[in-house]
Structures are given as C-alpha cells and as structure tokens.
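Student: coords please:
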Amino acid sequence: MGTLHRRIFRQASIRLQSGDLILRGFDNEEIMDILEVSLASVQRWRKKVDNEGLHALARHAGTGREPKLSPEQFEEFKTLLTQGAVASGYLTDRWTSRIVADLIHKKWDVAYSRSQVRKIHNDLGFSYQKPSVKSTKHSQEVVDHWKKYDWVRIKKKQTKKV
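Tutor: Here you go, the predicted model:
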C-alpha cells in the first residue's frame, strides 16, 4: 500500500476510533489525549456523530472532476495507442507523454498536462517503457577491450590520487 493510501487509511481509522469513543461516553479532552488529535477535530466529529451517527465519520469515495474524454473516446484512444505513434502520424513509434498529449489535443481538442497523460496512460493498462539504446558506432570487442585495459588503468590512477 502506498504512502498516500496508508495516510488516508490512518485518518479514517482515527475518525472511526473517535466516533467509538464518543459513543462510549468519553469527553473531548480524553479523546484528544488518546488519539493525539486537535480539539477542533473532536468537536467536529462529535457534532457529526450526534447529528448523523457513526457512519458519518466513515470515508466516502471522492467523486472528483468529470473526465474530459467520454468512455467511448477513451476506448478509441486505447486503440490508437496500441496501433502505435507512427500510425497516428508521428515520426517515431515511441509514445512520450508530450506526443500522447498532442494526440489527445489534435483528436478531441482536449488539453491534458503531461503528468495527467502519464496517469491516464497507466490507468488504461499501459506501462512506462524505456528502450535500451545501443550505439552503432563501435563493436562489442572495442567496448570489452576498453573495459579490460583502459578503464582499469584510469581507475588505478584515480585511486592513487586519493
């Protein structure tokens, strides 16, 4: 469980513990000491429990902002991602957050930040991939020779200076 989820779970747990203590007859100062929370929080929780019951302290799922793309558009977007960036008219087949944001803007006239694009990309089941890049300017024999002789010589010089 991530840090954010752990914190949210802890906060919800404290609220429910306070509600239990309120129902069992503890006063505000005792609840403050037991749970190490502020007086204002205990007073707010007591008011909710008195007016609505213990369930009012339970965590409710946030609704958040409505998505800018419809479910149908998300499905079309997912299809476009699986077809590759070249099929959508880009010069490279590597999806970057900048290219994905540009595609969404061109296709549906919706602007997303690059961080939001990464989140959407992840929510659709895609993961961040970084291609391994190998130089074509040298052979593996040259690299092995450099590691075996030159790198050892350079490393020895650095250790002598220290």
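Student: assign a three-state SS to residue 134, would you?
Tutor: coil (DSSP: H, G, I helix; E, B strand; the rest coil).
Student: what residues sit buried inside the helix or strand where residue 119 lies?
Tutor: For residue 119, the host element (DSSP states H and E) is helix 114-123. By neighbour count on 16 or more other CB atoms under 10 Å, the buried set for helix 114-123 is 117-118, 120-121. Where C-beta positions appear, they are placed from N, C-alpha and C, glycine not excepted.
Student: now swap in stretch 81-100 and tell me
Tutor: Buried, per 16+ other CB under 10 Å, within stretch 81-100: 81, 85, 88, 90, 95, 97, 99-100.
Student: in JSON lines: those, plus secondary structure, distance to residue 50 and pLDDT.
Tutor: JSON lines is the format used below for those (DSSP: H, G, I helix; E, B strand; the rest coil; distance: CB to CB, whole Å; pLDDT from 0 to 100):
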{"residue": "81", "secondary structure": "helix", "distance to residue 50": "51", "pLDDT": "90"}
{"residue": "85", "secondary structure": "coil", "distance to residue 50": "58", "pLDDT": "90"}
{"residue": "88", "secondary structure": "helix", "distance to residue 50": "58", "pLDDT": "91"}
{"residue": "90", "secondary structure": "coil", "distance to residue 50": "60", "pLDDT": "92"}
{"residue": "95", "secondary structure": "coil", "distance to residue 50": "54", "pLDDT": "86"}
{"residue": "97", "secondary structure": "helix", "distance to residue 50": "49", "pLDDT": "87"}
{"residue": "99", "secondary structure": "helix", "distance to residue 50": "55", "pLDDT": "91"}
{"residue": "100", "secondary structure": "helix", "distance to residue 50": "50", "pLDDT": "90"}
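Student: output those as a markdown table; include the columns distance to residue 38.
Tutor: Listed next are those as a markdown table, based on distance: CB to CB, whole Å:
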| residue | distance to residue 38 |
| --- | --- |
| 81 | 47 |
| 85 | 52 |
| 88 | 53 |
| 90 | 53 |
| 95 | 47 |
| 97 | 40 |
| 99 | 47 |
| 100 | 43 |
